[in-house]
Every structure is written in C-alpha cells, then in structure tokens.
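Enquirer: Let me see the structure of the following:
(6 chains)
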Amino acid sequence: MEDKITFIKDGIRLDGRRVDEARPIKVEVGVLARADGSCYLEMGNNKVIAAVYGPREVHPRHLQEVSRAIVRYRYNMASFSVEERRRPGPDRRSYELSKVSREALSPVILTSYFPRSVIDIFVEVLQADAGTRTAGINAASVALADAGIPMKSLISSCAAGKVDDQIVLDPMKEEDNFGQADMPIAMTPGGEITLLQMDGHMTVEESHRAMELAMKGCRDIYNMQRKVLIDRYSQMENATRQEEAVI
Amino acid sequence: MEDKITFIKDGIRLDGRRVDEARPIKVEVGVLARADGSCYLEMGNNKVIAAVYGPREVHPRHLQEVSRAIVRYRYNMASFSVEERRRPGPDRRSYELSKVSREALSPVILTSYFPRSVIDIFVEVLQADAGTRTAGINAASVALADAGIPMKSLISSCAAGKVDDQIVLDPMKEEDNFGQADMPIAMTPGGEITLLQMDGHMTVEESHRAMELAMKGCRDIYNMQRKVLIDRYSQMENATRQEEAVI
Amino acid sequence: MEDKITFIKDGIRLDGRRVDEARPIKVEVGVLARADGSCYLEMGNNKVIAAVYGPREVHPRHLQEVSRAIVRYRYNMASFSVEERRRPGPDRRSYELSKVSREALSPVILTSYFPRSVIDIFVEVLQADAGTRTAGINAASVALADAGIPMKSLISSCAAGKVDDQIVLDPMKEEDNFGQADMPIAMTPGGEITLLQMDGHMTVEESHRAMELAMKGCRDIYNMQRKVLIDRYSQMENATRQEEAVI
Amino acid sequence: MSTVVSEIRKDYLYNLMLKGQRADGRTFNGYRPISIEKNVVQKAEGSALVKLGKTQVLVGVKIQPGEPFADTPNRGVIITNAELVPLASPSFEPGPPNEFGIELARLVDRGVRESKSLDLDSLCIVPGEKVWIVFIDVHILDDCGNIMDASSLGAIAALLTATVPAKKFGLGEDYPLPVNDIPIATTAVVFGGVTMFDPDVDEESIADTKLTVITRADGSICGMQKSGTGVLTQDEIYRIVDIACENGKEIREKFLES
Amino acid sequence: MSTVVSEIRKDYLYNLMLKGQRADGRTFNGYRPISIEKNVVQKAEGSALVKLGKTQVLVGVKIQPGEPFADTPNRGVIITNAELVPLASPSFEPGPPNEFGIELARLVDRGVRESKSLDLDSLCIVPGEKVWIVFIDVHILDDCGNIMDASSLGAIAALLTATVPAKKFGLGEDYPLPVNDIPIATTAVVFGGVTMFDPDVDEESIADTKLTVITRADGSICGMQKSGTGVLTQDEIYRIVDIACENGKEIREKFLES
Amino acid sequence: MSTVVSEIRKDYLYNLMLKGQRADGRTFNGYRPISIEKNVVQKAEGSALVKLGKTQVLVGVKIQPGEPFADTPNRGVIITNAELVPLASPSFEPGPPNEFGIELARLVDRGVRESKSLDLDSLCIVPGEKVWIVFIDVHILDDCGNIMDASSLGAIAALLTATVPAKKFGLGEDYPLPVNDIPIATTAVVFGGVTMFDPDVDEESIADTKLTVITRADGSICGMQKSGTGVLTQDEIYRIVDIACENGKEIREKFLES
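Expert: Sure thing, here's the model as predicted:
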C-alpha cells in the first residue's frame, strides 16, 4: 500500500470512472444446463460464474440438520484467472471468502423449508480483477433465484475503497493493490448488511462514507439483478404461452 | 521419442528377440497366505505380485451397490522398483492405470453374484521394465481365479509397440522410452478387447498390425495362465485325495 | 551422539543435578474450563498441558467398540515449542509418541465401563527440552483423574539416560542430544511397566541400572501426582462444605 | 461420474437406436453443434471456450519460465490439469481430481504431446536451467456429455491462440506459441451393438464402453483409450478408428485451420 | 464451532438481557477481566499468555531468516497461523485449520499487517535474498468465548516482547522487534437488538452475528469483519465501531503501553 | 491391525500354552524357519526378501546423492519408510502409513541408526553440500505375524548387499556400502504369564503386549520398544532381553555373517 501513483486526477480515476462510479456490469441468467440455477456475471474485468444445486441430499450424512437445509458455498479461482498461474484447489483466502460469502447469503435463504437438505452454491472465478468476492455473491444471489430457492430477498454486493485519501466505489485491481483501504459489503434491498469486511486504514468518518457509497453501489446492482430476473421470467412465461397457443 | 539408436538389426532386437516375440514369462499362483488369491508374475525384468481379497464388506458403506459387487483395483509401484527412487503413494499415472486395469478385468467378473460386496485387487510392482500394467493385469486375472471369484473367462494382456518403424511385440524399457508408439491391450480368450490404450504415432494400418500382434501375445499368455491354474488345481486335488486316503 | 563435552564432573551434571536427581517438577490440576479434566505440568524446562474429554460419543462411528471405550491420545508440539519453528500438524515422531503414550495409559483405564464411547486425551507441548513424552504422560494421567475417569491407578513416567558412560536420571536436552542412550519408561505405582522405549547403546547390565533408576524417578513423580490430586479434592470438598454452610 | 437415467428414458433411447435414430436427431456418427470462442480470458496467455451442444469447457493456457525436467534439460515442459468442478455436474465433487479427472487430463496431455503439436525444443530458454512451462488448465463448466472431445478441442484451440509472454519476463519480444499439428480427439460409445459418436450425457450413462481416438492432421493416430467396463470387438475398434479419422479431419478443417 | 446451549439457559440469558444484564454481571460494553503474561515460552523469540475471563490463548512468535516474497524483495515476511487444538474445546477437531481457524488467523494477521505495527522494510537483511520471517503462532488453550480478541491481544503482546535473534544467525547483535502501533481487536455480538462486547461462549452460541473491529492507536480503523449468518443494520455497525474505539483505547493503554 | 481370532481358536491356543506348547510345535523361545533371498530387485542398490515362516517382507535400498541435514552437514542421511500395503493383510488399508507403519519404520530405522551399522561420516561427498542418501524401503508382502523382526532383518540384509552407485553419478568407482554392525531385532509377546518369541499372526492377535529388543554384535542393546495395551513386569523385561541376546546372536551368525 504505497501512495506514489496518482490514482485520481480532477475527480477522474485511471480507468476514466468518477469516484462514485462502479464498473460496467453484465449479467446472464440460466447459462448452465446441468445446474438447477446459474448466472454468469462480469464486473469490469472480473468474470465469474455461479451455479446452485439443491435442495438435495446431504453427503456426508453427519452434516445434516434436522430442522433446516444447510448452505454450502465454494468460492474457487480457476488456475488461469490471475496474472501468475495459481495451483488448483482451495487456499486459505478462498476458505475465508467461501465462509463470509455463505454468511452473506444465508440470512435471506428460507432454509427451514428444506430440513435435512443442502443447498450448494458454487462460484468459479474465470478472470480476477479485484472484487471477485462481491461479483461472486451477486452472481450467486441471481443463481439462487434462478434455481427457485425461496428467499426473503436478493443480496447485492459491492466494495468501496480508499485511494489518494478519497473514498471510491468499486475499486479495480490497481486501486486495490496500491490503495489505502478496501471495504466490501453485501446487503438486502432493505439495507440490512450481510457482509462487511475492511482492511487498510480509514478514520471512523471515512468508514461511514465508504459504507454509504458501497450501499449505493449495492442498490444499483440490485436493480440490475432484478431486471435480469424479470426478463428471464417473462421469457419463460412467453415460452409457456406460446406452447399453450400451439396446443 | 528419438530414433537415433538402432533397435532392430536383421530382424533381431536389442535383447535378442524377434519382432513378434514376447519376453519370457514366469507365473506362480497362491504365493501369499493372507490373501484370498494371489499370483507372482515376471515378464522379462518386470516383477509384479497380485492379491485378491473378497468378496467382502464394503468400507466406506456409501460405495456399496445394491445389486452387485464393486471391483477395486490398486496398482502401486514399490519405491525401489524404478531407476530413481519414487516417493511412496499413488501418483496421477497410477490412478489412471488402476482405472483402466479395473475396467480391463470388470467385464469378466460376475459381480451380480455378490451384491453389496467388494472385490479388492491389489497389484504391487516390485521391479519395473515397461509393461507393468499388462503384467499386473495378467497376474490379477490369475489371482482372481485363485481366489475362486466366478469369472466368464480369464483376461490376458500384452502390448505391441512401434520401433524403427516396425511393429514389435511386448516392448521392453529401452524400446518404450525411445520407441515411436506403445499400444497395450487386454482381452478375453474369445478376442473381446477389454483394455486398449495407445500413445505415440501410428498410421491406421500400423495400428491394425499392432493390434493383431498384441492379440497374438495375449493368446500365448492365456495358455500360460491356464496351464498354471490347471497345475494348481490338480495339486490341490491330489492334496485332498491324499488327505482322504489317510483318513 | 558424540562424547566430546564432559557432562558429569565430580558426580554433578551441567545443570547442577546429581546423576540420580530428576529436574524440578510443577503440577497444576484443573487448569482448563472447557475440558472435563486438565493438568499443566513443568518438568525442568518442559511445559506441557493435558486435557481429557469423555467418555463421549465416537466420531467417526465405525471406530466404536461394542464392549468398551476406545482411548485416543494426541501428542502435539506447538510450533514455537522448539528452537527452530516447526510446521503445525503431526509428523512421524508425534504419531509414534501418541501411540506409545496411549498404550502407556490404556492398561489402567477401565474402558469396559463405557462401551461405544471414546476417551480423548490431548497433550500440547508448549515448550520442549527433552522428556516431553514422559511429561505428557504424567500430565495426562492427572488429567484423567481430574476428569473422573475410573482408573486402576495413576501412571507415572520418567526416563533414564546414559551420559559419559554413566546412567543418569531424567536427561535434559543437551544430555539427550549428545548422550549415549535414552530410556523412557512409564509404570503403575505397583511397578508394572506400561511404556518402555530405548535407543542408543547400553550393555544389558546398564539397561538394568537404567530401568531401576527410571523406576525410582517414577515413584517420586507418583507421590507428587498423588499429592496434587489430594489437594484438589480437599479444595473441592471444602468448597462444597462452604456452600452447604452458606445454605 | 455416471448419471442415473430413468428406465423409461433408457427404453426410449434404446428403441430410437433400433430405428437408427438419436434423441436429438443426429446420425450415429454426427457431432452436436460445435462453437469455439477464443481469448475469453485475457489474463491467460491463451484461452478458448468450447461448446459441444450444451457441454461447455473453458481451457486456459498460462506460459511461465521455470526449470526443465532433469532428463530433458533442453526442452520446454507441458503440464496439463483438468478440474471437474462441482459447478459443472451434480456428480462432480469438490476436492483434488479423482480418477476421471486424472484420466481426462492425461488424455488431453497425450493428444498434445504425442501429436508433437508443441515443439518443446523451441521452448528452451537457457539449456538445463530455464525453459518455458506451458500450463494447460481444463475447466469443465457444464457436463452435458463428451467432455473429453470438448476438452481436447479447447486445449488445442487455446494453444493456437497463445502468446509466449517473453517481454513480461525480460526475454525479448512476445511471439505466438509455435503449434505444429492439430490433434483432434473423437469419442464414441458402444451401446447394444451400435457405435454413437459424441455421446450426450444420457447416452454416456447408458453405454458401458467408450473409445477415444486422437488423430493428427496427416490422418495418423497419436492416441487411443478405451474406458468403461464393457468390451469392444476388433471390428468395432477398426470402425471407430476409421470414422474418427473422418470426423477429426472435418472438425480440424472447419474449426481450427484458417 | 457452535456449542449447544440448552433452551433453558437461552431463555435465562434472553431475559437477563431484556433487563440490561449479562450472566456474569458485566455491562453490555464491558470486557471480562484481562491478564497478559509475557515471555512464558523461552524457546520463542516472543510469547504471551492472554486470559480473557476463562478464555486462554497462548501466542508464540518465532523469528528466522528466510527468503522474501518475489513481489516484495526488500521486506520482511509475516506468517500467521492459528491452531484450534482439540484440547481447547469439545467442538474443535484435530486436523488442519478449518474455515474458523483460517478466518481467525487471517484476521489476526490483518490487524498486525494493516495497522503497520511491524515495519517490514526494517526486517530486510539482504535485499531480494534474505529477510526476517516473523511467525505468529496462535495456540488456543481454552475457548470460553471471544478467542478472536484474545488472539489478537496475544499476537501484539508477543510481538512487543519479541527479540530479533540476529546473533544466533551471525547477523549482528540481538535487538527488540520494532513495533510501531498497537492494533486492538474488539468484538461484539448482536442478539435480539442489543450488542454485547466480548461475548462468552454461551453468548456466542446464542447470537447469530458478530462484528470485529480492529483499531489503531490514533483511533482509526484498520480492519473489520462481520461473521455469522445474521444481519447488521447501518446503525448497529456505527455504534459498534464507536464503542470498539473506546474499548480499544482502554485496553491498549491499560495492558500494552508502558 | 488386530485380526479377529475366533474364541475357539483362542481357547485352543491358550490350552496349548498351558502345556508349554505352540500351535506349530515351536518352543516359546524359538523362531519360525527363516530364509533370506538377496538382490531380488536389480533396480535397487540392495534388496532382500525375508521369509519368517509364512511372513514375507521385501526390503529395497536405494542410494542417491542429495543434500545433508543442516545440523549434520558432513554425514550421509538414512531415510526409512515402511509400506503396509493392503496386499499383505486384510487389516491393512491403502493410504499413507498409519501409526503402525510409522512405528515399524521408526523402529527399523532406530536399529540401523543406533547400532551405528552405517558409518554416516563415510557417506559424505562434499561437506555441507552433497552426501549419499540411503533410502530403506520396507514393503510388507504377507503379514503372518512379527513383521517387525522380518523387516529389521530385511533392512540389514539389504544394506549388506548394497552398492554405492558412485559411477552412475560420476563420483568414482562403485563400492559396497560399508556396514559396521549387524543389529537384530527380536520380538516377544506376553500372554497369560508366558513370553513367546516370533509370534505368528494368531499369537499376536491374542497377546496384548509385545516387546522388541534390538541387539548389536557385541551383545549390547541398541533399541527397545514395548507396544500394545498391556503391562510388563521388570522380570519379564529382563528375561526377554536375555533371550533376545541369544536369539539375536544365533540369527546374526546363521544368516548374515559370512
């Protein structure tokens, strides 16, 4: 975390964004045939894909819970997703991200509907550019909806960072590597925080500003998630109507 | 795979064999006391030993099949079996060889006789000199018979290779390392192929010749396997008769 | 094992002890709140802590014994307990020590009282200075008593060594590293040996002297273990009496 | 790796087959639609997303300097790995590759290696000390059958687009990875006497025997592997090899050669 | 990692809470008694045994020369590990760290790293070749709740007592490890609308949400982490951060600054 | 590692024992027939197949140049490993060595190391840089009891036949591995008050206590290990040690010294 590069000049960041501007997002739902629900999502140069399987039987059995479904979340980076090839398989970072991501989604999943079952969420990072955990949560949330898992609401996730002593929305790789702080959050549309992490250095006031900016980012992402799901449902409804019309 | 060495001169190979000649084979049956069936086999400088345990209970339980026995095959090389000491335990090569060897034997094992059971086949390579998978399958087949596992037939296995642009039977280490292609097969006495692998470079015509040569090799090995088992049974029968005579 | 250093001069060892003198011992019982029984023990510069959990349910289930409790013992060294930081997790040495320590305590534990259960003994070495296995067994024995596990007797453990061609009691690090032999034992107060290991070089006569000296060491430790447990029980009784008095 | 298919579906597929048909209308020798999208991962030195019907496989190629093997001090190194991640199929489990993943990776590797599509001698930087390591990472995304052919196709497509990142490591100018041949793996299952190429996931789960044949541009063979617990006759093998050569030629010309 | 607490105890704690009370008489913001014993392990370069109520955590610091990371050739290395050994709790199991142990270690590490308490530049011996590796090993001895704060406290206390063993490696005179800041982690659980700091093991097992805030000496924040399957409101977060700063200040002054 | 023996067989063995007999007619102190076949694996630098009754153990010795340990820069290295492969017994399972395999390997290692049969100083090639690594790999083939003594016998027999392959590594002429002493491990079980040497697999499964004593050529002891969950009296230990010395002497002279 050094400050030698100038990241923000005249309010404009290295990639041309304003400080309160997120990277372009692309969301596709139902991209995998085998999974019960799936979503492909790009956030800037991040490319992630999420799949949901379940509710289904739990293996090994001793993990079963009698009164509710358990939720599992596996965050995994492809070997070729980063600059230097990484060894396949989970490392300490992916264990932590899997845990906090699972905890970011669990509050909205109605697990009591499916006792003794498991809902498996798998997120594959195909290309990484800072923000893979938030991209993964956004994709997983849509994939859960696509799988028809009953949820209180969607979850949206975005980070704020501190760069050149300014609070910025959705830091990209360079800002994350050489910036002063990073604070990813996830939340419900109602503003309940389900993920909060921070590292770096912020005053209490800065942390407030960062949280508010990240929450704004989440709200924008929520609108995109909602739209893509509505489009998906109307497509499916149209398809059903056409089938009925044929009959 | 380089061609600088001359492997065949006047139709004779480095170790004095003709192109269609297999290495000398030695087979001993019932060599282990603890196993239900066993076989020690030498094919040239390869030395392998196979043991069969079962049908017996499956652990862990979730591998059980309700209508048939499962078959497991573990191909393992002793640390000292090769030029440079190898670390104990399976590597990727031994996982693949275990799989294809199991699939080479499975077609003839009457697994439906033993629901919920396992038939375990263990092959230890004590000395390796090209051809350990085929030697292992040959030994395992005899060990299965020795264990009294009901089988449609024996399985015999042999490789053909391509060296100096000629198709040769049962390549040894030097021919395998520096040759142009290797093609191990396994088959029933009726000529049904249960294992087929090939790597290297062959024309379609060469692949036909290689297959025919390898099948000839298998037939010769089958006769040896059969003979050693007949000898074994007559010994056992004699032993029983003598016991009866004593009584 | 070299003999260049003089370890014993005028019957006095490097740390001022006589050849038949053990290092100072400190024992505290009931030092952990979560464990069912616990003991902190220092033997010279060794610092170990033992916890006992159980009898409790066995996981995984297939380890269950129908007619008795199983006993598990995990000897573990903290990364910082030795001169050069060691990688966390068990190595081959700790597997062996766990096995022989479990076998040192098993003879006195009345396992038939608790069928299908497990008694778990965990020993953490916080600082190591030769003799951690004996210190661990001494602590574990007290922790078992503290947990109320029914036992035929306590187990006490001590080593004898050979240094400068003399048999010494309870060797410390330097004596162990550069000495000629080491012989740890464990025993019941009745003199039944439950642990015996030896490495180095001893004549048969020396091995007799070493065993007798180590047995003397065990008897002294037994008296300390006994005292600390009696103190503990009277404290607890007093506490109960005071409670009753209050009522 | 097998998927349970209902008895009814099995009967249905069997009856179709008797009529010389397949559920999706293909001929027994025909492939599902193939699409290859190149350079989908910019962080990789080469990459390709292959779709074979609904089957999706992403292959990334990373190229980094490293040490050669002791017995080939002047040659580059190929390391092939396949991840059958649980996202791609209900029958895949998390954890290190099992025997299916290992067999797949080794077969993809064999295709590249034995076809000599990569000139490993040209990938030497300092003899005995430093060579280019070519990592081929196969990432299965959606297993709707025949991931073998899709993976092999993805590997060679990714290699064809790969750049040796010499500049990044101060080793001169970047240059395209030199690829000399285009091996094509074609797989058939044998099921009730007929052979069907490019099996979908239902066909795979019904057939007990599979044969993969890898062919080179000159029509010769550089790899074969039978898998599954069934048997093959000599005739079946010869027939599959012949059709594999034709299918391989077509796929090579249509999708990979420009 | 959760411990089953009987329904009765749960009701009891809940009713207490409604009255603004906790089982051990503390205020919602208050900590259990803290004790820090330093240099308890002489074989380590630094060590501290922290007691937080009945919770006990031992942290050992080992310092050894080693190779720097390729991307920071002139900086020392911090490696933090946490062992949740089965001695410390009926819910801990033998084996490599699970996600709880990993999260704990990474959070302790983040506190040390992001507060810049260690000047990593000063831990370089030969640029690009040899630097000091600082191993922070957290050994949980008795988990009676809030091992996070105890571990973090143990880590900084052990670092404060640590000596760089230069002499042992022929690298000059020994000197105290230079520590620039004292990060303090403070953790609160949220339970039925109230926030309680320094939760004991019962309170932890009842609450479904936890927030850890790590503060520096200047009152700024260098780390936060929500854990658990519940939610936090913006207000709750702001409130916890404010109290965390106060608690952090008090603990820092009382126990660590001389 | 225990094998279930029927109650009937147990009674039978017990009654025999009361009469001072063993099932195969041996005395309590006697060994089953021993055979040692040397150099059975030509790829190894030394090897021996030991048969002890029906028990079969194959030991291979590989010798390769490698780095010395940091604390013994001028000495060769011994690495001993034992594989209890599932081929050898229904109670052995695939996977890395469990505590039985580890104990066996460490005990074999201790015999070789503590008897100083290998002069490690003479195995130094370049001080601090390159020494000979001697790998002793014990491969159990058929566990019909007392694999400890068979393994130990196999190890020293394989070492006695081993050649240092100096030529292969351009380090001069090959020469026989210098072996200075011949340690012999002898094992007895204690069962109902009697001690029986060289237990077969039934005797092992009935007795709960075992003592292995390793003796050197001069009659002194270089290793002892009690195993099993029973107890030994001082007298029993002394008696076993005495007989172990005699048995060791006999085995050494008969099978290993020429």
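
Enquirer: which residues does the closest residue to chain F within the stretch 1-150 of chain D contact?
Expert: Residue nearest to chain F within the stretch 1-150 of chain D (Cβ to the nearest Cβ): residue D:70, separated by 11.9 Å. Yep, even glycine has a C-beta here, placed from its N, CA and C like the rest. Neighbour list for residue D:70: empty [criterion: Cβ atoms under 8 Å, 6 or more residues apart in numbering or on different chains].

Enquirer: 10 Å instead, please
Expert: B:84, D:128 (Cβ atoms under 10 Å, 6 or more residues apart in numbering or on different chains).

Enquirer: Equivalent analysis for residue A:13, please.
Expert: Residue A:13 touches A:7, A:19, A:21, A:163-164, A:166, A:168-169, A:171-172, A:174-175, counting by Cβ under 10 Å, 6+ apart.

Enquirer: so what's it bridging to?
Expert: residue A:8 (DSSP bridges).

Enquirer: repeat for residue A:196
Expert: So, taking DSSP bridges as the rule, residue A:196 has residue A:185 as bridge partners.

Enquirer: picking that back up, and the residue of the stretch 1-150 of chain D closest to chain F, what are its phi and psi?
Expert: phi -60, psi -30 (degrees, to the nearest 10).

Enquirer: Next, name the residue at the spatial heart of the chain.
Expert: No chain specified, so I'll use chain A. Nearest to the geometric centre of chain A sits residue A:137, at 2.2 Å (Cα atoms, centre = their mean).

Enquirer: not what I meant, chain D
Expert: Taking Cα atoms, centre = their mean, chain D has its central residue at residue D:152, 1.7 Å away.

Enquirer: Just give the closest residue to it, not the sequence neighbours.
Expert: Spatially, and ignoring its direct neighbours in sequence, residue D:152 is nearest to residue D:185 (3.6 Å; Cβ to Cβ, 6 or more residues apart in numbering or on different chains).

Enquirer: Can you tell me which residues in chain A are near chain C?
Expert: A:60, A:62 (Cβ under 10 Å from any Cβ of the partner chain).

Enquirer: The longest helix along chain A vs chain D: in contact?
Expert: Counting by DSSP state H, the longest helix found in chain A is helix A:204-246. No: Helix A:204-246 does not reach chain D (Cβ under 10 Å from any Cβ); its nearest approach is 17.1 Å.

Enquirer: quick one, what contacts the residue nearest to residue A:28 when sequence neighbours are not counted?
Expert: Nearest residue to residue A:28, sequence neighbours excluded (Cβ to Cβ, 6+ apart): residue A:40, at 4.4 Å. Taking Cβ under 10 Å, 6+ apart as the criterion, residue A:40 is in contact with A:26-32, A:47-50, A:124, A:126, A:139, A:142-143, D:141.

Enquirer: what's residue D:239 in contact with, if anything?
Expert: D:29, D:188, D:190, D:195, D:211, D:232-233.

Enquirer: And what about it, helix, strand or coil?
Expert: Following DSSP: H, G, I helix; E, B strand; the rest coil, residue D:239 is assigned to helix.

Enquirer: Please report the distance of it from residue E:67.
Expert: 58 Å (Cβ to Cβ, to the nearest Å).

Enquirer: again with residue D:227
Expert: The value you get for residue D:227 to residue E:67, if Cβ to Cβ is used, is 44 Å.

Enquirer: between the two, which one's more packed in?
Expert: residue D:227 (23 against 12; other Cβ atoms under 10 Å in any protein chain shown).

Enquirer: Quickly find the element holding the nearest residue to the more buried one once chain neighbours are set aside.
Expert: Using Cβ to Cβ, 6+ apart and skipping residues adjacent in sequence, the residue nearest residue D:227 is residue D:210, 4.9 Å away. Using DSSP states H and E, residue D:210 sits within strand D:209-215.

Enquirer: That strand packs against which elements?
Expert: Where contact means 3 or more Cβ pairs under 10 Å, 6 or more residues apart in numbering or on different chains; DSSP states H and E, strand D:209-215 is packed against strand B:193-202, helix B:204-246, helix D:99-114, helix D:147-160, strand D:184-191, strand D:194-197, strand D:221-227, helix D:234-251.

Enquirer: Columns mean pLDDT on top of these, output as TSV?
Expert: Output for those, formatted as TSV (pLDDT from 0 to 100):
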stretch	mean pLDDT
strand B:193-202	97
helix B:204-246	91
helix D:99-114	97
helix D:147-160	98
strand D:184-191	96
strand D:194-197	95
strand D:221-227	97
helix D:234-251	97
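
Enquirer: Make a markdown table out of these and add distance to residue A:14.
Expert: Converted to a markdown table, these look like this (distance: least, Cβ to Cβ, whole Å):
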| stretch | distance to residue A:14 |
| --- | --- |
| strand B:193-202 | 50 |
| helix B:204-246 | 57 |
| helix D:99-114 | 39 |
| helix D:147-160 | 30 |
| strand D:184-191 | 44 |
| strand D:194-197 | 51 |
| strand D:221-227 | 48 |
| helix D:234-251 | 43 |
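
Enquirer: when you scan stretch D:117-128, is anything in it near chain E?
Expert: No: Stretch D:117-128 lies out of reach of chain E by Cβ under 10 Å from any Cβ, never closer than 17.7 Å.

Enquirer: and that stretch, which residues are buried?
Expert: D:117-118, D:120, D:123-125 (16 or more other Cβ atoms under 10 Å in any protein chain shown).
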